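Asker: Just to be clear, the model below is a prediction. Sequence and coordinates:
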Amino acid sequence: MMDFINTFAEIVRLSMFIAIPLIIVALAGLFSERSGVVNIALEGIMVFGAVISSLMIGILFNNTDLSGQWLFIIGMLIAIGAGVVFSLLHAFASVNMKANQVISGTALNIFAPAFGVFLARAIFNVSKISYPTREFFIKKVTIFGLDLSNIPVLGPMFFTKTYITVFVGILILVIAYIILYKTKFGLRLRACGEHPQAADAAGVNVYKMRYAGVLISGGLAGLGGLFYIVPISGNYDPLYGVSGYGFLALAVLISGQWKPGRIMVMALLFGFFAKLSNMTDLIPLLDNMHLSTETLRIIPFVVTLFVLMLTSKNSSAPRASGEPYDKGKR
Amino acid sequence: MKNIWKKFTTAISRFFHDDAGVSFLASTLAIFAGILFSFFLMLAFEPSDAFRGLSIILSAGFREGMSSLGNVVVKSTPIILTGLSIGFAFKTGLFNIGATGQLTVGAFASIYIGVHWTFLPGYSHWMVAVLGAIIVGAIWGVIPGILKAFFNVHEVVATIMLNYIAMYAVSRMVQDFVFESLKSESQSVHPNAVIPKMFLDKVFPDSSVTGGFWLAILAVIIIYIVLNKTTFGFQLKAVGHNKDAAKYAGINEKMSVVYAMAIAGALAGLAGAVIYLTTSGAHISTTYILQPEGFDGIAVALLGLSNPIGILGAGIFLGYIKVAGLYLQTLTFKKEIIDIIISAIIYLSALSIVFKSLGRWLVKIIDRLNAKDPEPVAKTGGDE
């Protein structure tokens, strides 16, 4: 029995590394779409955040005394800032210019990886950006001298061999839920995505709210980029970028029906199946089937498709998402 | 004098009331601005190479005469087809991010037939290989079509999932069925399965150009006719504009989605065939990388305004720019600068409203100037 619980805890711990960036970036998409702007640029913003923060962490690590978690936290702030700045382009195009949001997003998606390589080559003469991710690894979480890793079940699940990304991710999920559903700002934001004319009539500045939605989205997606790099890949390789996690997050957002709770469930589900290939030694049944790596890697995508098939009948997309808001239009 | 001025002003105001004219102007300006932007970027980081970089970008297609132009044709053929796939889907109200996956499975089908079905005599071999790619691509497109029509699964998500499934599955199947283990990539196809040059080698000697370009042109013509001259195309477009209204008019809106995705998938599958049915050493590698041509197709479709003829032009333009990327390898700047140019162009073309509002503003001023005249400038006003 104890064995089973430990295995389960280990599975959750591994799944979390995939699920956390997906949750954060799906929430990024949520804020944008709830305000009425489709953000297909999540992938590009992730890449941008990952590149800029990786570069800066590398520079700071080599030139200052900063190290460990403080360096990581500064890196996170840089990633958020980079994402916000980059998403300004999308906000400007889709709010002020009433541009086609898919086109603007596609442009950002193409720009970010190219610019990342360009910048890395121009500054460092390298294309692959790596830095000490080991610095950020936490063996055991201790708070005020208490070793939390000894807690049964929760200890091995959350507090051993982990990164702070997990805690930051959970915190962001909670905060996002509170902002969207328990504050005036959240109500107004959602109104702009459902019926901007009505929101405007009620005195809400639709343009401002949409800017807020896109910029929050940019910050979260930028952070998601860093959270992909640190636990999953360990360096920024332009050949793979963030491996399509921005697009996967978009899938998580849609299959999560634009609701934070469901987004978390879908992300964890995807994370679990995505990590199956690393779990063959944990799950004997899986090991006995002798599946190829490729088969194991296909599984999460097939499962997501099936879940979508069963749950998509009543889609609850924000109604005005993707439509530029025009004051004169009735 | 006054008359000329008036004619001039009316012409301007008329031009800015015409959407197609503005769109064309916007695209052209966007292309210039995009190239200018990349020039400034090069100037900022590597001033000594910037001018050479710019001249390479502008002259790439002619650097080695017709053979360079031949490379432009080679590069543009698949992206014209994926652009057509995505543009066609756009016209029917669908966003086909899955061109990559459809291209990948199509490519595998064509290579499999090209390597193994050597019993096919002469020309029939490449034709069957191309046909196989089209059919398999269409099937891969039908899956998200059915999911969208009958299960309400968003096509963007479904096609993203299918991209990855295709990538992993093809990587596996290449290893199982058509593996060249020394280079860890797919085997070369039988010479009979290579698409013949169809006179293009006379025009573009010393390049790896194939008749695939004619297939792309043929596809452009067929899609143009289907969209603009047939009831079927009209129905698909009607569903794209307003699903409910189309249903009310008696169109089977569910099957329309399935047909549209099948055609989009077939076009992307064909793109896979034209990339790999050549002698130029194109092989599917077993690394986990999504085929870039599928994403380039999004850029082509957007720049070409989803119009088949526009897509042909945009595809050739992007092919040209990509060839420039190959020549840039000799400088400090590598291919990245090309993607930066493309993204800048797409972004600016999204801002076409700037030009439109500029036009409206101009019209307003002209109206005010001509206010004393009894004959007012034609002004329609309103939006959309």
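Answerer: Yep, that arrived. What you are looking at is a predicted structure, and each value in this text was computed from that prediction instead of being measured. Numbers count the residues shown, from 1 in each chain, chains lettered A, B, ... in the order given.

Asker: show me where pLDDT drops low in the stretch 1-150 of chain A?
Answerer: Applying pLDDT under 70 to the stretch 1-150 of chain A picks out residues A:1-2, A:125-134, A:145.

Asker: near chain B, which residues of it?
Answerer: Proximity of the stretch 1-150 of chain A to chain B (C-beta under 8 Å from any C-beta of the partner chain) is limited to residues A:40, A:89, A:93, A:97-100, A:102-104, A:106-111, A:113-115, A:117-118, A:121-122. All C-beta spots, glycine's among them, are computed from the backbone N, C-alpha and C.

Asker: Which of the residues you listed fall within helices?
Answerer: Secondary structure of those is defined by DSSP state H; positions in helices are A:89, A:102-104, A:106-111, A:113-115, A:117-118, A:121-122.

Asker: what's near enough to touch residue 169?
Answerer: No chain specified, so I'll use chain A. Residues near A:G169 by C-beta atoms under 8 Å, 6 or more residues apart in numbering or on different chains: A:16, A:19-21, A:23-24, A:227.

Asker: not quite, I wanted chain B
Answerer: Under the criterion of C-beta under 8 Å, 6+ apart, the contact list for B:A169 reads A:294, A:298, B:105.

Asker: Can you give me the distance of it to A:K275?
Answerer: Between B:A169 and A:K275 the distance, using C-beta to C-beta, to the nearest Å, works out to 20 Å.

Asker: before we move on, back to that, taking the contacts of A:G169 one by one, which sit in helices?
Answerer: By the criterion of DSSP H, membership of these in helices covers A:16, A:19-21, A:23-24, A:227.

Asker: about what we covered before: take the contacts of B:A169 and, keeping just the buried ones, write it as a ChimeraX select command.
Answerer: For anyone working in ChimeraX, the buried entries among those, judged by 16 or more other C-beta atoms under 10 Å in any protein chain shown, can be selected with:
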select /A:294,298 /B:105
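
Asker: nearest to B:K7, of the contacts of B:A169?
Answerer: Nearest to B:K7 among these: B:V105, at 57.1 Å, using C-beta to C-beta.

Asker: correct me, but the closest one touches B:G272?
Answerer: Yes. B:V105 is in contact with B:G272 according to C-beta atoms under 8 Å; the separation is 7.3 Å.

Asker: any common contacting residues for these two?
Answerer: Going by C-beta under 8 Å, 6+ apart, residues that sit against B:V105 and also against B:G272 are B:G137.

Asker: Would you map the strands across the stretch 51-200 of chain A?
Answerer: Ranges of strands within the stretch 51-200 of chain A are A:129-130, A:138-140, A:142-143, A:146-147, A:160-162, based on DSSP state E, counting those that start in this stretch.

Asker: now for the last one, which elements pack on it?
Answerer: Right, the one you point to is strand A:160-162. Packing contacts for strand A:160-162, counted by 3 or more C-beta pairs under 8 Å, 6 or more residues apart in numbering or on different chains; DSSP states H and E, involve helix A:2-34, strand A:138-140.

Asker: so can I have JSON lines of the strands of the stretch 51-200 of chain A showing mean neighbour count and distance to B:I321?
Answerer: What follows is the strands of the stretch 51-200 of chain A, written out as JSON lines (neighbours: other C-beta atoms under 10 Å in any protein chain shown; distance: least, C-beta to C-beta, whole Å):
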{"stretch": "strand A:129-130", "mean neighbour count": "18", "distance to B:I321": "26"}
{"stretch": "strand A:138-140", "mean neighbour count": "13", "distance to B:I321": "46"}
{"stretch": "strand A:142-143", "mean neighbour count": "10", "distance to B:I321": "55"}
{"stretch": "strand A:146-147", "mean neighbour count": "12", "distance to B:I321": "58"}
{"stretch": "strand A:160-162", "mean neighbour count": "18", "distance to B:I321": "45"}
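
Asker: Mind telling me which residue of the stretch 151-300 of chain B is nearest chain A?
Answerer: B:R172 (3.8 Å; C-beta to the nearest C-beta).
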